[in-house]
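**Student:** Curious how this folds, go ahead:
(2 chains)
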Amino acid sequence: MASVSEMYDVGWEEMRDKLRKWREDNYRNSEQIVDVGEELISEHSSKLGDDSKYDEANKHYDAILQDDPTNTAARKRKISILKAQGKSAEAIRELNEYLEQFVGDQEAWHELSELYINEHDYGKAAFCLEELMMTNPHNHLYCEQYAEVKYTQGGLENLELSRKYFAQALRLNNRNMRALFGLYMSASHISASPKVSAKVKKDNMKYAAWAATQINRAYKMAGRGTKENKCSMKAVEEMLESMQITMS
Amino acid sequence: MPIQLTSQAYCKMLLHAAKYPHCAVNGLLVAEKTKEKKKDSHSEPVLCVDCVPLFHGTLALAPMLEVALTLIDTWCKENNYVIVGYYQANERKKDSRPNQVAEKVAARISENFSEAAIVMVDNSRLTISCFEPIVLIYDHHENKWKSREVTSDCFEDWGEAQKITSALLEGRSYENLIDFDNHLDDLRNDWTNPVINKSVLDLC
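**Tutor:** Have a look, this model is predicted:
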């Protein structure tokens, strides 16, 4: 497909000025805007200067949204720009607003959970993952990520929740190693806590022991035939043993 | 004691960052365990002989990090290594300061090795030719992490490191680099990266 600059025999400055004019005059010709804008950004972005490349892109997306406010792709691209510029608080705010309108957008919920995790706001990240788990109850990855967030939040209650969700993830996919390790870690920490009753301690030690056996088995199966992996397996065995000692 | 990087440690860090250009990546730096320090060897640099790439993407979650730290610690003991540092390459090009995750992991490492260092990769200067070192080294002084000037003295042999890293980047060896995340996805993936280590040795 011929480029815009070839078809109309214009240089990049003319293209940039044309975009500006369209925006100011509120022209409704989004397809042309997309073609011209995309080419400008992809081929001439270095001439537009480092930050103004984002400004130019934003103007381009604003024009599209003026034309079609339901264009979710353009809205999400704008949020990506905020993220790329390091404006996490704004990106989070915009994404929240977006999700109020487009509640079913799973990619957006997941992106928001990641933004919250990077800001260490684990409570809100957990909320996003809860939304994802509700609409995707069979997805072991969301379950396992939720468990990781709860574990990171810390505290006995969150640890117990995390153990339950690691177990659930394993039920959904018994080969999810993160869930298996997570189950081992959370059960071990709970059994080592001074605040739990003897029964809870005993139960969690059982869960941890079961998980340890499964982990060792998984490593044995993976290590069959390869000399290098035997080293890793030994390390895992010793790690599990040493943790039992420090936990008890 | 300031840390020094071998070619293997340096190039694996950069390969990790290059493999996931759209993500933050992190990993651990290991050195050989030395016998009891003599009193006058206080200023001898600690040589990081290797690094273990850990995660890419979300770095701020605890459970897998704990697993990795414990597992790698056990592996170190078997190989007479000790974890002496932590490296991180942030998600955004213009951001190369250590964040909360980096400081937390480094604090944990410091419990076992008092002179732990943080190495940050400067993404904005990552090129295939590697004509200059693109790491920033942070030491812990008076409760703050302060960056140190990086010269060729921070490397066992900068010329060799530059040559090997550039060759491996050009040859796209990073496609075969295994980090701990890859290992968790499939246990057969070996995070000690014997294949890459051999390539490094062959180029020495």
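**Student:** what about the closest residue to residue A:150 other than its chain neighbours, which SS state?
**Tutor:** For residue A:150, ignoring the flanking residues on the chain, the nearest one in space by Cβ to Cβ, 6 or more residues apart in numbering or on different chains is residue A:162 at 3.9 Å. Yep, even glycine has a C-beta here, placed from its N, CA and C like the rest. Using DSSP: H, G, I helix; E, B strand; the rest coil, the structure places residue A:162 in helix.
**Student:** does residue A:162 really touch residue A:184, like I thought?
**Tutor:** No: using Cβ atoms under 8 Å as the test, residue A:162 is too far from residue A:184 to be in contact (11.7 Å).
**Student:** what number of residues lie near the residue nearest to residue A:150?
**Tutor:** Neighbour count for residue A:162, taken as other Cβ atoms under 10 Å in any protein chain shown: 29.
**Student:** ok, it - contacts?
**Tutor:** Counting by Cβ atoms under 8 Å, 6 or more residues apart in numbering or on different chains, residue A:162 touches A:147, A:148, A:150, A:151, A:182, A:186, B:63.
**Student:** and the longest helix along chain A, what's its mean pLDDT?
**Tutor:** Of all the segments assigned as helix in chain A under DSSP state H, the longest by residue count is helix A:198-223. On average, the pLDDT along helix A:198-223 is 91.
**Student:** Would you list the phi and psi of residue B:134?
**Tutor:** With angles defined as degrees, to the nearest 10, residue B:134 sits at phi -120, psi 30.
**Student:** Check residue B:155 too.
**Tutor:** phi -120, psi 150.
**Student:** That one contacts residue B:161, correct?
**Tutor:** Yes: contact criterion Cβ under 8 Å: residue B:155 and residue B:161 qualify, at 5.2 Å.
**Student:** for residue 193, phi and psi?
**Tutor:** Here I'm looking at chain A. Dihedral angles of residue A:193 (phi, psi; degrees, to the nearest 10) stand at phi -70, psi 140.
**Student:** Let me rephrase: I mean chain B.
**Tutor:** phi 50, psi 60.
**Student:** Tell me which residues touch it, please.
**Tutor:** Taking Cβ under 8 Å, 6+ apart, one finds B:12, B:53, B:177, B:178 in contact with residue B:193.
**Student:** How about the residues of chain A by chain B?
**Tutor:** Taking Cβ under 8 Å from any Cβ of the partner chain as the contact definition, chain A meets chain B at A:84, A:86, A:114, A:117-118, A:120, A:145, A:147-149, A:151-152, A:154, A:162, A:177-178, A:181-182, A:185-186, A:218-219, A:221-223, A:226, A:228-229, A:231-232, A:234-236, A:238-239, A:242-243.
**Student:** Drop anything exposed from those residues.
**Tutor:** Buried by 16 or more other Cβ atoms under 10 Å in any protein chain shown: A:114, A:117-118, A:145, A:147-149, A:151-152, A:162, A:177-178, A:181-182, A:185-186, A:218-219, A:222-223, A:229, A:231-232, A:235-236, A:238-239, A:243, out of these.
**Student:** Helices - which of those residues land there?
**Tutor:** Those of those lying in helices (DSSP H): A:114, A:117-118, A:145, A:147-149, A:151-152, A:162, A:177-178, A:181-182, A:185-186, A:218-219, A:222-223, A:229, A:231-232, A:235-236, A:238-239, A:243.
**Student:** got any ranges where the chain has weak pLDDT?
**Tutor:** The chain I'm using is chain A. Applying pLDDT under 70 to chain A flags the ranges A:1-13, A:20, A:22-52, A:224-232, A:242-248.
**Student:** You answered for a different chain; I wanted chain B.
**Tutor:** Applying pLDDT under 70 to chain B flags the ranges B:1, B:36-43.
**Student:** The residue of chain B found nearest chain A - how many residues pack around it?
**Tutor:** Using Cβ to the nearest Cβ, residue B:187 is the residue of chain B that sits closest to chain A, at 3.6 Å. By the criterion of other Cβ under 10 Å, residue B:187 has 20 neighbours.
**Student:** and it, that's in a helix?
**Tutor:** No: if the criterion is three-state DSSP, then residue B:187 is coil and not within a helix.
**Student:** mind listing what the closest residue to it other than its chain neighbours touches?
**Tutor:** Excluding the flanking residues, the one nearest residue B:187 by Cβ to Cβ, 6+ apart is residue A:222, at 3.6 Å. By Cβ under 8 Å, 6+ apart, residue A:222 lies in contact with A:229, A:233, B:186, B:187, B:188.
**Student:** tell me the phi and psi of the fourth one?
**Tutor:** Reported as degrees, to the nearest 10, the phi and psi values for residue B:187 are phi -60, psi -20.
**Student:** Am I right that it is in contact with residue A:177?
**Tutor:** Yes: contact criterion Cβ under 8 Å: residue B:187 and residue A:177 qualify, at 6.5 Å.
**Student:** Give the residues shared as contacts by these two.
**Tutor:** Here residue B:187 and residue A:177 have residue A:218 as joint contacts, going by Cβ under 8 Å, 6+ apart.
**Student:** Give me the most central residue, chain A.
**Tutor:** residue A:114 (4.1 Å; Cα atoms, centre = their mean).
**Student:** Helix, strand, or coil at the spatially closest residue to that residue that is not a sequence neighbour?
**Tutor:** Leaving aside its sequence neighbours, residue A:114 sits nearest to residue B:58 (Cβ to Cβ, 6+ apart; 6.0 Å). Under three-state DSSP, residue B:58 falls in the coil class.
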